[in-house]
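Visitor: output the structure for:
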Amino acid sequence: MSAVEVVITGLGVVSPIGIGKSAFWDALCAGQSGVGRITLFDASGLPVSIAAEVPDFDPKPYVRHRKSLKLMCRDAQLGVAAATLACRDAGVQVGQIDPDRLGVVLGADRICSPVLGSEPCYRACSVSGQFDFGLWGTRGMEASFPLTFLRVLPNMIASHVSIAEDARGPNNTIHQGDVSSLLAIQEAARVIQRGMADVMIAGGASSQMDPFDWVRHFTLDDLSHRQDDPAAASRPFDADRDGQVRGEGAAALILESRQHAEARRAGILARLLGWAAVCDYDRGNHEPPVTKALERAMTAALGHARLEPGGLGHLNAHGLSTVDGDRVEARALREVAPAVPVTALKSYFGNLGAAGGAVEAAASVLSLAHRAVPATLNYETPDPQCPLEVIHGQALEPAAPTALAVSWTRSGQAVAVVLGSPD
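Guide: From the prediction side, this is the model:
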């Protein structure tokens, strides 16, 4: 391992179960679900009308320059809020860190243009009630808001964060679906180890609460149809699971070298012990690529951390709550770390897309601090095809102050991050 030890000194969370790390942790301890009926748009005509929204979110307390809100999509608003909370938690204030040595790496999803913003363009290209694609380059563009593309570019989240925090150092956006924010955390750690920055803001933000997003979700056909009881819909590794729940949120972690953190007398929340990323996709192999990729990523991350599987206190699983997804993931978790307890936090707030890995990693950081791993919600009937030690019923005091968080995509990308307590 590199001689430069990377530590986490601040944490900011904006989630369906709470804003700020205290509210977030309290909700996890209370077993509070963030899944409910969709309120951000009229979902009455959709076959699935449940999701995990961030309730009553007001971006204004987190955005110093209010005019910036005109150029911020909801994803960016959530991301800036999380970064602001993280910087406050770490004691990183504008002017106290060399701005050229303060950087940002965030994960982001594809961002949809709001329906109200798209309607004028659509109507301008409508002929006899039918949309004419040939008119888009002329009438459609003329009717569009000039700064629309500045709102929907994924890299604008990191741009707004860098402006808000005067972070002029390395700036990057990872756009790789559900693995984005754990990849962002890894890249931020490498930037510090390469000596390119002293402090990095890392994490992810995503809001998939737009009708255009839901057309895509229905096409994938892996959403839970458990409409009668939204809080029970996301049930990772449970035998009665029937699909995932989508949501929105953001999390930011402040990373820096231990030497830099101690020099400025910052409190250390956790250590980043090791990490790995793998893409394993064999077109000629009929087996799901996730299992092999996840096994390789976990093994490599543990090797990087110089830690045996038995030295882990808990596994923070991806746990989509899909029938096939949980089965192939469980196979990998069982193969690499068969006796390690597993928690699956999407049971609280669903799949947050590019933000999910960072939000779940934040929970593991808090678990290390509080010596308690939150239970998985809705785990009632064990599935023989998911033979894992799933933490359920009540929180677990871990046997070791370490954790391994994972994320993966159905295309065969897998990411693993090993965290340890400050000591």
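Visitor: skipping its backbone neighbours, what lies nearest Gly195 in space?
Guide: Val4 (7.8 Å; CB to CB, 6 or more residues apart in numbering). C-beta coordinates here come from the backbone N, C-alpha and C atoms, glycine included.
Visitor: quick one: contacts for the residue nearest to Arg151 when sequence neighbours are not counted?
Guide: Excluding the flanking residues, the one nearest Arg151 by CB to CB, 6+ apart is Cys73, at 4.8 Å. Residues in contact with Cys73 (CB atoms under 8 Å, 6 or more residues apart in numbering) are Ile111, Pro114, Arg151, Val152, Met156, Ser207.
Visitor: give me the pLDDT for Cys73.
Guide: Cys73 carries a pLDDT value of 90.
Visitor: one more: Asp89?
Guide: 98.
Visitor: nearest to His175, of the contacts of Cys73?
Guide: Ile111 (10.1 Å; CB to CB).
Visitor: what about that closest one, how many residues nearby?
Guide: 23 (other CB atoms under 10 Å).
Visitor: which residue is the nearest non-sequential neighbour of Leu153?
Guide: Counting by CB to CB, 6+ apart, the residue nearest Leu153 is Ile111, at 7.4 Å.
Visitor: got the contact list for that neighbour?
Guide: Cys73, Asp75, Arg151, Val152, Leu153, Pro154.
Visitor: can you give me phi and psi for the residue nearest to Arg151?
Guide: Backbone dihedrals for Cys73, given as degrees, to the nearest 10, come out at phi -70, psi 170.
Visitor: and Ile174, by the same measure?
Guide: According to degrees, to the nearest 10, Ile174 has phi -100, psi 130.
Visitor: tell me the spacing between it and Cys112.
Guide: 19 Å (CB to CB, to the nearest Å).
Visitor: Leu69 too?
Guide: For Leu69, the distance to Cys112 - CB to CB - is 18 Å.
Visitor: stretch 168-179: end-to-end distance?
Guide: 25 Å (CA to CA, to the nearest Å).
Visitor: from the contacts of Cys73, which land in helices?
Guide: Counted as lying in helices by DSSP state H, out of those, are Arg151, Val152, Met156.
Visitor: highest neighbour count among the residues you listed?
Guide: Result: Met156 is most packed of the ones in helices among the contacts of Cys73 (other CB under 10 Å), 21 neighbours.
Visitor: contacting residues for it?
Guide: Met156 neighbours (CB under 8 Å, 6+ apart): Leu71, Met72, Cys73, Ala76, Leu150.
Visitor: all helices for the stretch 251-400 of the chain, in order.
Guide: 258-263, 289-305, 323-336, 346-349, 356-370 (DSSP state H, counting those that start in this stretch).
Visitor: can you list contacts of the shortest one?
Guide: The contact list for helix 346-349 (CB under 8 Å, 6+ apart) reads 15-17, 27-28, 32-35, 52, 234-236, 244-245, 247, 249, 318-321, 356, 359-360, 374, 376-379.
Visitor: CA atoms only for that helix, dumped as PDB, please.
Guide: Extracted in PDB, the C-alpha atoms of helix 346-349 (Å, rounded to 0.1, in the frame of the first residue of the first chain):
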ATOM      1  CA  LYS A 346     -31.300  -0.100  -0.300                       C
ATOM      2  CA  SER A 347     -34.000  -1.600   1.900                       C
ATOM      3  CA  TYR A 348     -34.300   1.900   3.500                       C
ATOM      4  CA  PHE A 349     -34.000   4.200   0.500                       C
END
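Visitor: quick check: phi and psi at the closest residue to Ala399 other than its chain neighbours.
Guide: Spatial nearest neighbour of Ala399, excluding adjacent residues (CB to CB, 6+ apart): Gly313 at 5.8 Å. Backbone geometry at Gly313, expressed as degrees, to the nearest 10, gives phi -80, psi -40.
Visitor: and Gly313, how far is that from Ala27?
Guide: 21 Å.
Visitor: who has more neighbours, these two?
Guide: Gly313 (23 against 19).
Visitor: ok, now how distant is the more buried one from Leu182?
Guide: Distance from Gly313 to Leu182, by CB to CB: 18 Å.
Visitor: and the closest residue to Arg371 other than its chain neighbours, how many neighbours?
Guide: Once flanking residues are discounted, Arg371 sits nearest to Glu397: 5.8 Å by CB to CB, 6+ apart. By other CB under 10 Å, 10 other residues sit near Glu397.
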